[in-house]
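Asks: starting from these lines, generate the structure:
(one chain, ligands or ions: 1)
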Amino acid sequence: MRVRVDQSLCTGHQMCAIAAPEVFGADDFGNATVLIDGDLPAGMEAAVLRAQGNCPEQAISIDA
Ligand code: SF4
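Replies: As a prediction, the model looks like this:
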């Protein structure tokens, strides 16, 4: 499972980082960054799905 943030949609609420702080960080403007390259380690999927569901801008996409 890989996660991406569409920077054209992200407005920097950081709700994703609250839901999954091991996966989402912030750039200098407060927009989300993905901290993990490649496949997510086991055990992080549930938090990432929660982050995706909580993103008000639907900026998070997940590739299985
Ligand atoms: S919750 Fe969505 S819009 Fe807000 S910082 Fe995270 S990815 Fe961006």
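Asks: ok, how many other residues are close to Cys10?
Replies: 22 (other CB atoms under 10 Å). Yep, even glycine has a C-beta here, placed from its N, CA and C like the rest.
Asks: so how far is the ligand from it?
Replies: The gap separating Cys10 from the ligand is 3 Å, by CB to the nearest ligand atom, to the nearest Å.
Asks: sec struct for that residue, please.
Replies: Here Cys10 is recorded as coil under DSSP: H, G, I helix; E, B strand; the rest coil.
Asks: got a list of contacts for the strand or helix carrying Ile18?
Replies: Element membership for Ile18 (DSSP states H and E) is helix 15-19. Outside helix 15-19, the residues that touch it by CB atoms under 8 Å, 6 or more residues apart in numbering are 5, 23-26, 32, 47-48, 50-52, 54-56, 60.
Asks: list the buried ones in it?
Replies: For helix 15-19, a neighbour-count test (16 or more other CB atoms under 10 Å) marks Met15, Cys16, Ala17, Ala19 as buried.
Asks: skipping its backbone neighbours, what lies nearest the last one in space?
Replies: Spelled out, that is Ala19. Among residues not flanking Ala19 along the chain, Ala51 sits closest, at 3.8 Å (CB to CB, 6 or more residues apart in numbering).
Asks: quick check: the one you found is in a strand.
Replies: No - using three-state DSSP, the assignment for Ala51 is helix, not a strand.
Asks: for it, grab the count of nearby residues.
Replies: 24.
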